[in-house]
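K.L.:
quick one, what's the 3D model for this:
(4 chains)
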Protein chains: 2
Amino acid sequence: MSFLSEKECEGPIKCPVMTTLSVIGGKWKPGILWELQNNEILRFGQLKKRLGTITQKMLTQQLRELETDGIIIRKIYPEVPPRVEYRLSDYGKSLSPVLNEMANWGTGHLQTITSK
Amino acid sequence: MSFLSEKECEGPIKCPVMTTLSVIGGKWKPGILWELQNNEILRFGQLKKRLGTITQKMLTQQLRELETDGIIIRKIYPEVPPRVEYRLSDYGKSLSPVLNEMANWGTGHLQTITSK
DNA sequence: TGCAGTAGTTTCTTTTTATATACTAATATT
DNA sequence: AATATTAGTATATAAAAAGAAACTACTGCA
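P.N.:
Numbering: from 1, shown residues only, chains lettered A, B, ... in the order given. Okay, the predicted model is just below:
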């Protein structure tokens, strides 16, 4: 009937929806996840190009957070010039139903608001 | 295979995940939606009490945004002292699969991070 | 010697979000 | 006449998120 228990959304106890938001929220994370969902492996520069207007600082920062949360895997090749590859972890792949639902609803909502 | 098309996440075209985020994101909206999902009808003051530490300004602001997006319905009773009731619209109820997935994943994630 | 290439880091500024606090209106109750 | 009640507004402030721009390291190549 409900999607979370009363206690989980009260007082100092964390609401699980907000927990999810803390992992995939923000301006760039959805785009990063989307790219990694579609491409399996991407280097830093490729990711940056695909995201278009993101700054290096933001990309690094968001990637680090996703890595810390166990969503993505960062693989460094000790070469010069440097090469770093990013991919979704298995845990990160477990987000796909969430992202799917969000994307579906968002697509419908976009139609709703642009057609009236 | 994928949850959104390439174009939908590029350039000036809006990413549908971010569209959804723009409606349900932020610090207080998940909590508001959760309360209205569980209680059907709530007055301003009841909502405020349940959310604990939210300020009146933020509550008003977030409620107005949800109303503008068609997610909730605001019913004013011309009484003194004033009475205003909030409830989810049918459109707002269409968010429940999204919130469900988010809550499920968030619950699992909370366990993951607190058990290690 | 000096430049290209990659994946960053650092510092500073701007923008966006959120908070704190005080104030209002209209009536009923004390 | 003062006070409580409810759902807000208004104004100012603080904190968080994002952006801009410059800088670094290491090596190969011209």
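K.L.:
and A:Ile113, how many residues sit next to it?
P.N.:
Residue neighbour count, defined by other CB atoms under 10 Å in any protein chain shown, stands at 12 for A:Ile113. The way it works is simple: take the backbone N, C-alpha and C, and place the C-beta from them, glycine included.
K.L.:
so it is in which element?
P.N.:
Using DSSP states H and E, A:Ile113 maps to helix A:96-114.
K.L.:
any residue of that helix touching chain B?
P.N.:
Yes: contact between helix A:96-114 and chain B, assessed by CB under 8 Å from any CB of the partner chain, occurs at A:96-110, A:112.
K.L.:
ok, stretch A:42-56 next?
P.N.:
Yes: using CB under 8 Å from any CB, stretch A:42-56 reaches chain B at A:Arg50, A:Gly52.
K.L.:
circling back to that earlier point, show me which of the residues of helix A:96-114 next to chain B are buried.
P.N.:
A:96-107, A:109-110 (16 or more other CB atoms under 10 Å in any protein chain shown).
K.L.:
in a markdown table, list those along with pLDDT and distance to B:Gln62.
P.N.:
Below are these laid out as a markdown table (pLDDT from 0 to 100; distance: CB to CB, whole Å):
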| residue | pLDDT | distance to B:Gln62 |
| --- | --- | --- |
| A:Ser96 | 97 | 29 |
| A:Pro97 | 97 | 26 |
| A:Val98 | 97 | 22 |
| A:Leu99 | 96 | 24 |
| A:Asn100 | 95 | 26 |
| A:Glu101 | 97 | 22 |
| A:Met102 | 97 | 19 |
| A:Ala103 | 95 | 23 |
| A:Asn104 | 96 | 24 |
| A:Trp105 | 97 | 19 |
| A:Gly106 | 96 | 19 |
| A:Thr107 | 95 | 24 |
| A:His109 | 96 | 17 |
| A:Leu110 | 94 | 21 |
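K.L.:
residues in contact with the helix holding A:Ile113?
P.N.:
A:20, A:24, A:30, A:33-34, A:37, B:3-4, B:8, B:14-21, B:23, B:70, B:91, B:94-95, B:97-98, B:100-102, B:105 (CB atoms under 8 Å, 6 or more residues apart in numbering or on different chains).
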